[in-house]
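# Sharing a model prediction with you, sequence too.
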Amino acid sequence: WAVYLTLRELGCRRSTGLLGALALACDPVYFALSFSFMTEVPFVCLSTLAPYWYVRAMRREEAKAVWFGCSCAVAAYLVRPIGIVIPLALVPPLVWSRDRRTLLRRSIVPITLSMIVMVSLQFGMPRLLGSLDWAGVREGYLRWWFLVKMTSYLRWNVEVLFVSVFPLAPLLLAYPFSRRRALQVAATAVLLAIVTRTALGYFQTPLLNGQTWSLHDIAARMMVGGDVVSRDWALRIVPLVKLAGLLCVAALVAIGVTRWLPRARWTGAHGIIAALAVLQVACINALWLYNDRYYVVLAPLVAIVAAQALDLDTRAKWVASALLVFWFGIAFTGTRD
């Protein structure tokens with residue numbers, strides 16, 4: 001519902017909002033984790049509500065919406081500590097937007113107060129509740145951050161891009177269903193293939209073994225002990241999966257270049273989505289959260305961007321709807337214990 005309402009706030013049609021919401025619901029990783037004890041889905045729910053309220057605040061100049069958004073951010077923080085960056089996503093668009101000075105003044109208090117609460121909890125909870133083991137482990141990792149080669153971070157971030165984008169394939173593969181957009185995506189895909197092959201020495205796959213969603217299995221690999229035996233069909237379709245992943249990333253890049261990068265088409269609401277994506281990717285790198293279950297936080301943002309790009313294209317929406325039915329079948333049959 002947060003994805004649906006955010007798309008409506010961005011001026012999209014109801015069908016577009018519903019398409020974006022269903023794209024998140026049918027995300028095989030998100031769907032699988034909904035049946036687990038993991039905190040990703042509760043965190044995504046709250047962290048997606050926060051930007052909805054921020055977008056609403058920007059679009060309607062509602063100062064009280066900022067308070068609601070910051071409250072959701074604090075709740076998200078209590079699920080997972082990386083929620084501490086969520087209120088910061090509102091700062092850049094407020095600063096850059098010249099016609100939001102009044103809202104900027106009114107937003108300083110809820111943003112500052114929510115950050116103070118979260119920082120206080122970060123230091124206060126260990127004293128009140130005792131040692132938080134995993135928080136200590138993650139903090140301990142920070143001292144090794146600069147000992148890793150930059151080429152490793154480059155490779156990992158390419159993986160983050162491909163793996164996080166692919167679950168939203170129904171929207172992204174529907175985008176090039178017009179001659180002009182197909183040419184844009186094809187040209188971008190060729191360029192990306194050359195760059196990734198040159199930089200990495202191989203073509204990136206969007207379904208890595210050992211993660212929540214892989215060609216070997218979906219969800220069961222990470223939740224049930226024992227090895228999963230490779231299947232012949234999985235090995236045969238690897239090239240097809242790599243091509244589909246490349247086209248998804250190319251479509252997202254094309255959407256960004258043609259629809260988001262031109263400054264005249266930007267609004268403060270778009271800035272919130274972009275800033276939150278950057279902040280979450282920064283957290284993934286800072287804490288070495290290189291697993292697809294940590295990338296789920298990016299899924300609502302990709303769904304919003306991709307669905308908005310289809311808003312005026314009825315044919316592309318029908319294609320996306322058909323792909324979503326197929327995608328839900330993958331999610332449903334793959335989520336097993």
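Cool, the structure landed. Numbering: from 1, shown residues only.
# C-alpha from now on. contacts and neighbour counts both.
Noted.
# residue ranges with poor pLDDT in the stretch 151-300 of the chain?
216-231, 260-267 (pLDDT under 70).
# which residues in it form helices?
Remark: helices assigned in the stretch 151-300 of the chain by DSSP state H, counting those that start in this stretch are 169-174, 179-200, 220-223, 232-236, 238-255, 268-286, 292-295, 299-309.
# Need the CA coordinates for the first one. PDB is fine.
As requested, the backbone C-alpha atoms of helix 169-174 are provided in PDB (Å, rounded to 0.1, in the frame of the first residue of the first chain):
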ATOM      1  CA  ALA A 169      11.900  -7.800 -14.000                       C
ATOM      2  CA  PRO A 170       8.200  -7.800 -14.900                       C
ATOM      3  CA  LEU A 171       8.200  -4.000 -14.800                       C
ATOM      4  CA  LEU A 172      11.600  -3.500 -16.400                       C
ATOM      5  CA  LEU A 173      11.200  -6.000 -19.200                       C
ATOM      6  CA  ALA A 174       7.900  -4.400 -20.100                       C
END
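# hmm, who's touching that helix?
Helix 169-174 is contacted from outside by 23, 244-245, 247-248, 251-252, 303, 306-307, 310, 316-317, 319-321, 323-324, 327, using Cα atoms under 8 Å, 6 or more residues apart in numbering.
# cool, stretch 240-251 as well?
161-162, 165-166, 169, 172-173, 175-176, 185-186, 188-189, 192-193, 203-207.
# on that earlier part again, I only care about the contacts of helix 169-174 that end up buried; give me the ChimeraX line for that.
The buried residues among these can be selected in ChimeraX (16 or more other Cα atoms under 10 Å) with this line:
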select :23,244,245,247,248,251,252,303,306,307,310,316,317,319,320,321,323,324,327
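# next helix or strand past the longest helix along the chain?
Determined from DSSP state H, the single longest helix within the chain is helix 101-129. Sequence order places helix 133-141 as the next helix or strand after helix 101-129, per DSSP states H and E.
# Now do the contacts for the residue sitting nearest the centre point of the chain.
Nearest to the mean C-alpha position of the chain, counting by Cα atoms, centre = their mean, stands residue 298 at 0.9 Å. By Cα under 8 Å, 6+ apart, residue 298 lies in contact with 164, 277, 280.
# need the residues you listed in a markdown table with distance to residue 153, can you?
Listed next are the contacts of residue 298 as a markdown table, based on distance: Cα to Cα, whole Å:
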| residue | distance to residue 153 |
| --- | --- |
| 164 | 16 |
| 277 | 17 |
| 280 | 15 |
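# out of those residues, which are buried?
Buried members of the contacts of residue 298, counted by 16+ other Cα under 10 Å: 164, 277, 280.
# so which of those comes closest to residue 83?
Nearest to residue 83 among those is residue 280, at 8.9 Å by Cα to Cα.
# The closest one touches residue 297, doesn't it?
Yes. The pair residue 280 and residue 297 passes the contact test of Cα atoms under 8 Å, sitting 7.5 Å apart.
# circling back: so of the helices of the stretch 151-300 of the chain, which one's packed in deepest?
Neighbour counts (mean count of other Cα atoms under 10 Å) averaged over each of the helices of the stretch 151-300 of the chain peak at helix 169-174, with a mean of 27.
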